[in-house]
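# 3D, please:
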Amino acid sequence: MVHSKEPIQILWSHQFDREPVQQDCACASEGALPEVLWQPAGTVPDDDCACAGFSQASGLTQPLSPGTRLQRAGDLYRVSLTGEHVCYYAPLGPGGVVVLNQAARRILNAFASAATMAQVGGSLPGLAPQEVERAIGQLTALGLLLPADVQQPVTEGGASTLSAWLHVTSACNLHCTYCYAPRTGQAMEEETGHAALDTVLSTALHYGYEAVKLKYAGGEPLLNFGLVRMLHRRALELTRQNGLELQEVLLSNGTLLTDEILGILEEMEMRLMISLDGTGSNHGAQRPTANHRSSFERVARNIDRALAQGISPHLSITLTGEHVDGAAGAVTFALERNLTFNLNFVREAEARVGAWQVDEVSLIEAARRAFQAIEASLPQHSLVAGLLDRASFASPHTLPCGAGHHYLVIGPSGEVARCQMDLCRPVSDIWANDPLGTIRADRDTFANLSVERRDGCRSCTWRYACGGGCPRLAFQATGRVGAASPYC
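Model (predicted):
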């Protein structure tokens, strides 16, 4: 009986809802003992600027038995890290990115050919059979081991949350260079807001959703914050009456936040997302004020004010390629404050179909510099859900977003569009009988197809991480439905 110096390590970022545990068993034959480390669930940030369509792969539904024949997943991406650790990504595994040490890899590789737990458990010198069995169960739960001769299914649909963008105003105090929102200066009226909420709630109940996510957007929604407060109270009442979960987020440019507003947001328990594209002139060049001055100092000051009041805003960082150091500066700013963030690639406000131009070299360089900033100051929370535009390594999904399936994008006048970028081309309104049904049936604009039905995506290792990328952008770039994103 010896104490282990090199435990079996299976590390992953988010999958199980438990506190981090380090097993400290003291009995085994020579060699490694199991030690399973993970971060508690909930550390993967919700991407508040867009919602992924998580049509997930089905996991193992029946418990393992000693006679179950298992085999290593066939489509594993593998890359060596520092030291003895290796990173694995199973496209259909619910564990996302998984890191194994040498002892754990011995167990995984023992299933290169189909075998039972009993066959493997007694064939690995230096590892206690009962600890091997426990590790096998965890590798199976993460999708790195699969029942032999059983095809892992991918199911479409099944989202439990209906997302509704409430554009409470089209007015804004910034003139962002890449803004695609209509700028009519119109504010949503209280009567329209209440009708919008009634439609969202009735739609959620009709289609059997369990939760409603409201995104208060604009323009700059703080320019109509009184309505936001009214709608919050109404939404809270309606969801409680109907047994629905309520999620709310305010999407702001961050310039108009005051101590009073922050106190109200904290009282309402409403999340806050702020757009930040860099520091200093990098942010200011992309997100200037109406008189062409930088907005960075004001935004940075208000973010720190929010933190002082106990509010941690999520940062949305847009890469344009015009300022290759911008994203890296924003990432460093976020990491210094332990803030969650996601990286987005720019969308042109309006462009003729087929005329899309992408400066790939600059965008990739901007992303690389952002990743270098992350590597220089690794956070305690997981980043697997927001490292690249519309990509999430948190769990497999066949859709990049819920547009056309689980979205209602509502404008100041009650118009309803499929996507927040298409608010100027509505397909219904909140007074219609079934606006979500109309959205799902619409074929005049882009179609948000499963990644399995998109050109160039079907055989890609990463298809269940990105879902094929933004379908509207792909249609705008190519004029074809089902094309891969130009940001692939």
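# what's the closest non-adjacent residue to Leu236?
Nearest residue to Leu236, sequence neighbours excluded (C-beta to C-beta, 6 or more residues apart in numbering): Leu246, at 6.3 Å. For glycine as for every other residue, the C-beta is placed from the backbone atoms N, C-alpha and C.
# pLDDT averaged over the helix or strand harbouring the one you found - what is it?
Per DSSP states H and E: Leu246 is located in strand 245-252. Averaging pLDDT along strand 245-252 gives 97.
# got it, and stretch 315-327?
Averaged across stretch 315-327, pLDDT comes to 90.
# Ends of it, what's the gap?
11 Å (C-alpha to C-alpha, to the nearest Å).
# on that earlier part again, what's the spacing between the residue nearest to Leu236 and Leu197?
Between Leu246 and Leu197 the distance is 11 Å, computed by C-beta to C-beta, to the nearest Å.
# overlap in contacts of those two?
Shared contacts of Leu246 and Leu197 (C-beta atoms under 8 Å, 6 or more residues apart in numbering): Ala235.
# okay, those two: which has more neighbours?
It is Leu197, of Leu246 and Leu197, that has more neighbours when counted by other C-beta atoms under 10 Å, with 24 against 18.
# these two touch, right, the more buried one and Glu237?
No: counting by C-beta atoms under 8 Å, Leu197 sits too far from Glu237 to count as a contact (9.5 Å).
# where exactly do the helices run in the stretch 1-150 of the chain?
Along the stretch 1-150 of the chain, counting by DSSP state H, counting those that start in this stretch, helices occupy 102-109, 117-121, 129-141.
# list the helices and strands the last one packs on?
In other words, helix 129-141. strand 8-12, strand 34-38, helix 102-109, helix 117-121, strand 145-147 (3 or more C-beta pairs under 8 Å, 6 or more residues apart in numbering; DSSP states H and E).
# Export the ones you listed to CSV and append columns for mean neighbour count.
Formatted as CSV, the helices and strands packed on helix 129-141 follow (neighbours: other C-beta atoms under 10 Å):
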stretch, mean neighbour count
strand 8-12, 23
strand 34-38, 20
helix 102-109, 21
helix 117-121, 18
strand 145-147, 22
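# for these, which one sits closest to Leu265?
Checking those against Leu265 by C-beta to C-beta gives strand 34-38 as the closest, at 30.9 Å.
# ok, now which ones touch the closest residue to Val384 other than its chain neighbours?
Spatially, and ignoring its direct neighbours in sequence, Val384 is nearest to Phe393 (4.1 Å; C-beta to C-beta, 6+ apart). Residues near Phe393 by C-beta under 8 Å, 6+ apart: 89, 96-97, 384-385, 387, 465.
# Give me the subset of those residues lying in strands.
89, 97 (DSSP state E).
# where's the dip in pLDDT among the contacts of Phe393?
Gly96 (78).
# where's that residue relative to Phe393, distance?
With distances taken as C-beta to C-beta, Gly96 is found 5 Å from Phe393.
# Now do the shared contacts for those two.
89, 384.
# Doesn't Asn342 belong to a helix?
No: under the criterion used here (DSSP: H, G, I helix; E, B strand; the rest coil), Asn342 is strand, not part of a helix.
# shouldn't it be in contact with Thr318?
No: counting by C-beta under 8 Å, Thr318 is not a contact partner of Asn342; they are 9.9 Å apart.
# about what we covered before: the contacts of Phe393 into CSV, with extra columns for distance to Ala181 and neighbour count?
Formatted as CSV, the contacts of Phe393 follow (distance: C-beta to C-beta, whole Å; neighbours: other C-beta atoms under 10 Å):
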residue, distance to Ala181, neighbour count
Tyr89, 35, 22
Gly96, 32, 24
Val97, 34, 22
Val384, 29, 20
Ala385, 24, 21
Leu387, 26, 18
Ala465, 28, 25
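# Most widely separated two among the contacts of Phe393?
Longest distance between any two of those is 13.9 Å, between Tyr89 and Ala385; criterion C-beta to C-beta.
# elements contacting the helix or strand harbouring Ile374?
Secondary structure assignment for Ile374, by DSSP H and E: helix 360-376. Here helix 360-376 touches strand 314-319, helix 326-336, strand 341-345, going by 3+ C-beta pairs under 8 Å, 6+ apart.
# May I have the residues that are in contact with Leu223?
Neighbours of Leu223 in contact, by C-beta under 8 Å, 6+ apart: 169, 171-173, 187, 256.
# Among the residues you listed, name the buried ones.
169, 171-172, 187 (16 or more other C-beta atoms under 10 Å).
# can you give me the strands for the stretch 101-250 of the chain?
115-116, 145-147, 161-167, 211-217, 245-252 (DSSP state E, counting those that start in this stretch).
# Can you give the distance of stretch 113-128 from its chain's centre?
37 Å (C-alpha atoms, centre = their mean, to the nearest Å).
# my bad, should have said stretch 296-315
22 Å.
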